[in-house]
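Asks: predicted model follows, preceded by the sequence.
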Amino acid sequence: MADCLVLIPTYNEKENIEKMIHKVFSLSTPFHLLIIDDNSPDGTAQIVKQLQQTYPDQLHILERKGKLGLGTAYLAGFKWALEHQYDFVCEMDADFSHNPNDLERLYAACSKENADVAIGSRYITGINVVNWPLGRVLMSYFASSYVRFITGMNIKDTTAGFKCYRRKVLQTIDLDDIRLKGYGFQIEMKFTAWKHGFNIKEVSIVFTDRREGASKMSGGIFNEALWGVIKMKLRSITKKYKPAGN
C-alpha cells in the first residue's frame, strides 16, 4: 500500500480532474488520491467514479451533499486519511495551479528530510507566480506579510494550499477545533502546527493560475482570513498546545 494520500477538493472541475488524476498516477512515487467532491453539478464526481475502474485501488472519492467550504473538505479528507492509516497526507488544487510534479518534492521533504509539514512556497525565493494580475499578486504577497506580523511565524507563504503533512501532525492537531473554513483554513493549520512545535519546511514552487474552469476566489474569503487571523491569534493566547511528538 502507498504511504501517501493526496487530497484534492473539487467543485465543478470537469475540465481538469481527469487530466490531473492521470498525471498524479504517472509519477514515480505511488501516491493514492482522494477526491473530495461537493456535489459538483457539472458531473466531476461521475468522471472520478468512471476512472476508479482504471485505478481501483489508488483512486478514492468522498462525496458531500453541497458546497461546504474548502476547509471542511480538507478536514474531512484528513480524517479519512487517518482512518485509512496513511503516513503522509498532501493537499493540492485540481486546476494545475499546483504542478503535480512538485508532489514528489513535498513528499520527500517529509519522508526523507525530516520536515513535519512541507509547504509549496511561492515566495521563498522571490515571487514565483505566473498568470496572476499584479493586484492579486500584491494582495497575496502582502497577506502573507500581514499574517507573519500578527502571528510571529517565520513562514514566507502563509496562505499556501500546496502542502504535505506527516501523520503525527494531523493526529496532534485538534481538527475539530479548526475554526477558519475558507483560505484562512490554510493559515490556521500552519499556525497550529507551528504552535505545537512541528518542523515546517518551505519548498520553492512556481504557482500558475488556472487555465480552465472558474476561480473560487472571492472577497469574502479574504475578509475571513483578514479578521480570522486576529481572532485566531487572540484565541491562541489562552490555548494550550501539546509539544510535537508527545
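Replies: Received it, and whenever you're ready, just let me know what you need. Numbers count the residues shown, from 1 in each chain.

Asks: every contact and neighbour count from this point should use C-alpha atoms.
Replies: Noted.

Asks: chain center to the lengthiest helix in the chain, what's the gap?
Replies: Using DSSP state H, we find that the single longest helix of the chain is helix 219-238. Centroid separation between helix 219-238 and its chain, computed with CA atoms, centre = their mean, to the nearest Å, is 18 Å.

Asks: send the alpha carbons of stretch 29-37 over as PDB?
Replies: What follows is stretch 29-37, C-alpha atoms only, in PDB (Å, rounded to 0.1, in the frame of the first residue of the first chain):
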ATOM      1  CA  THR A  29       6.000   7.800  -6.400                       C
ATOM      2  CA  PRO A  30       3.000   5.500  -5.900                       C
ATOM      3  CA  PHE A  31       0.600   8.100  -4.500                       C
ATOM      4  CA  HIS A  32      -3.100   7.400  -3.700                       C
ATOM      5  CA  LEU A  33      -5.700  10.000  -4.400                       C
ATOM      6  CA  LEU A  34      -8.800  11.100  -2.500                       C
ATOM      7  CA  ILE A  35     -11.200  13.400  -4.400                       C
ATOM      8  CA  ILE A  36     -13.500  15.300  -2.100                       C
ATOM      9  CA  ASP A  37     -16.400  16.500  -4.200                       C
END
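
Asks: list of residues touching it?
Replies: By CA atoms under 8 Å, 6 or more residues apart in numbering, the residues outside stretch 29-37 that reach it are 2-11, 21, 24-25, 44-45, 48, 58-64, 73-74, 77, 104.

Asks: give me the mean pLDDT for it.
Replies: In this model, stretch 29-37 has an average pLDDT of 97.

Asks: sorry, back to before: list the helices and strands the longest helix of the chain packs on?
Replies: helix 134-151, helix 184-195 (3 or more CA pairs under 8 Å, 6 or more residues apart in numbering; DSSP states H and E).

Asks: hang on, the earlier thing: in ChimeraX, select just the buried ones from the contacts of stretch 29-37.
Replies: Those of the contacts of stretch 29-37 that count as buried under 16 or more other CA atoms under 10 Å are selected in ChimeraX with:
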select :4,5,6,7,8,9,10,11,21,24,25,44,45,48,58,59,60,61,62,63,73,74,77,104
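
Asks: just the ones of the contacts of stretch 29-37 in strands?
Replies: Those of those mapping onto strands are 4-10, 59-63, per DSSP state E.

Asks: widest-spaced pair of the residues you listed?
Replies: Spatial extent of the ones in strands among the contacts of stretch 29-37 (CA to CA) is set by the pair Cys4 and Glu63 at 20.5 Å.

Asks: now the helices for this structure?
Replies: For the chain, the helices defined by DSSP H cover 17-26, 44-51, 70-83, 103-111, 134-151, 167-172, 184-195, 219-238.

Asks: possible to save the ones you listed as CSV with mean pLDDT?
Replies: Putting those into CSV (pLDDT from 0 to 100) gives the following:
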stretch, mean pLDDT
helix 17-26, 97
helix 44-51, 98
helix 70-83, 96
helix 103-111, 97
helix 134-151, 82
helix 167-172, 97
helix 184-195, 95
helix 219-238, 80
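
Asks: could you dump the ones you listed to JSON lines with distance to Asn128?
Replies: JSON lines is the format used below for the helices of the chain (distance: least, CA to CA, whole Å):
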{"stretch": "helix 17-26", "distance to Asn128": "21"}
{"stretch": "helix 44-51", "distance to Asn128": "30"}
{"stretch": "helix 70-83", "distance to Asn128": "23"}
{"stretch": "helix 103-111", "distance to Asn128": "16"}
{"stretch": "helix 134-151", "distance to Asn128": "10"}
{"stretch": "helix 167-172", "distance to Asn128": "27"}
{"stretch": "helix 184-195", "distance to Asn128": "19"}
{"stretch": "helix 219-238", "distance to Asn128": "21"}
